[in-house]
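# sequence first, then the predicted structure:
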Amino acid sequence: KAGVTQTPRYLIKTRGQQVTLSCSPISGHRSVSWYQQTPGQGLQFLFEYFSETQRNKGNFPGRFSGRQFSNSRSEMNVSTLELGDSALYLCASSSERQGARYFGPGTRLTVT
Amino acid sequence: GNSVTQMEGPVTLSEEAFLTINCTYTATGYPSLFWYVQYPGEGLQLLLKATKADDKGSNKGFEATYRKETTSFHLEKGSVQVSDSAVYFCALSGSAGGTSYGKLTFGQGTILTVHP
């Protein structure tokens, strides 16, 4: 089976812009979750989608949003980018909500 | 809320040395526990998992046992290799019905460097 794929792998944006990141889960997986990784804060949970519905959300401002499509692919959007949004954004998929998560390679976002 | 605490790093070992990375957790209910490994420039790879008390997860020579009485999930390997150099993360997944269901809570990560 193909693993989790994320596009793009690298992104450079300017403060104030918005960005959309994409994630394709492992075939058959219905749960997709997103995490932000930074040197200072470590790995932090953003949100989880299961069967196209957001089931859980982390402690991030409303500028961070996401959605899941009927084929389980997911996107996350960050509006009005700030310098502090520079991070590695990781997507993970699993077949069930408590099961093992399988991570993609991440999207490295740099905000200048 | 749930939390995971890993031993302070970094850890530096010689090849063939014994490895232990401590992990303790705080959670309600019956969480599932995981160890992930991250190599430079890559995402997280699932190393092993345990879903209930006394379960032992194992993979590639690494082992960890889910100890509910001590709320621990320590990672061990009998003989490390240079190729094991990476960052290791302990994580838990909240149990059904809780506010943390569906999310992973991670420890801060432990950097392991193995010298030849």
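Happy to help now that I have it.
# got the buried residues for stretch A:74-85?
By neighbour count on 16 or more other CB atoms under 10 Å in any protein chain shown, the buried set for stretch A:74-85 is A:Ser74, A:Glu75, A:Met76, A:Val78, A:Leu81, A:Asp85. From N, CA and C alone the C-beta is placed, and that goes for glycine too.
# turn those into JSON lines, including distance to chain B.
Below are these laid out as JSON lines (distance: CB to the nearest CB, whole Å):
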{"residue": "A:Ser74", "distance to chain B": "13"}
{"residue": "A:Glu75", "distance to chain B": "18"}
{"residue": "A:Met76", "distance to chain B": "15"}
{"residue": "A:Val78", "distance to chain B": "19"}
{"residue": "A:Leu81", "distance to chain B": "22"}
{"residue": "A:Asp85", "distance to chain B": "19"}
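# could those be laid out in JSON lines, adding secondary structure?
Below are those laid out as JSON lines (DSSP: H, G, I helix; E, B strand; the rest coil):
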{"residue": "A:Ser74", "secondary structure": "strand"}
{"residue": "A:Glu75", "secondary structure": "strand"}
{"residue": "A:Met76", "secondary structure": "strand"}
{"residue": "A:Val78", "secondary structure": "strand"}
{"residue": "A:Leu81", "secondary structure": "coil"}
{"residue": "A:Asp85", "secondary structure": "helix"}
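# which two from these end up farthest apart in space?
Spatial extent of the buried residues of stretch A:74-85 (CB to CB) is set by the pair A:Ser74 and A:Leu81 at 19.5 Å.
# can you list the residues of chain B near chain A?
For chain B, the contact set with chain A under CB under 8 Å from any CB of the partner chain comprises B:32, B:34, B:36, B:42-46, B:49, B:51, B:89, B:93-96, B:99-106, B:108-109.
# ok, 6 Å please
When proximity is defined as CB under 6 Å from any CB of the partner chain, chain B approaches chain A at B:Ser32, B:Gly43, B:Leu44, B:Leu46, B:Lys49, B:Ser93, B:Gly102, B:Lys103, B:Leu104, B:Phe106, B:Gln108.
# contacts for stretch B:107-116 next, please.
Stretch B:107-116 is contacted from outside by A:42, B:4, B:6, B:9-15, B:21, B:23, B:80, B:82, B:84-85, B:87-90, using CB atoms under 6 Å, 6 or more residues apart in numbering or on different chains.
# buried among those? Make that a ChimeraX selection.
Here is the ChimeraX command that picks out the buried ones among those, judged by 16+ other CB under 10 Å:
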select /B:4,6,11,13,21,23,80,84,85,87,88,89,90
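# neighbouring contacts of stretch A:88-106?
A:4-6, A:21, A:23, A:25-26, A:29, A:31-37, A:50, A:107-108, B:32, B:43-44, B:46, B:49, B:93, B:102, B:104.
# now, of those, which are buried?
The buried subset of the contacts of stretch A:88-106 - by 16+ other CB under 10 Å - is A:4, A:6, A:21, A:23, A:25-26, A:29, A:31-37, A:50, A:107-108, B:32, B:43-44, B:46, B:49, B:93, B:102, B:104.
# do you know how far the one residue sitting closest to the centre of chain A is from A:Ile12?
Computing the C-alpha centroid of chain A and ranking residues by CA atoms, centre = their mean puts A:Trp34 first, at 3.4 Å. A:Trp34 is 20 Å from A:Ile12, where distance means CB to CB, to the nearest Å.
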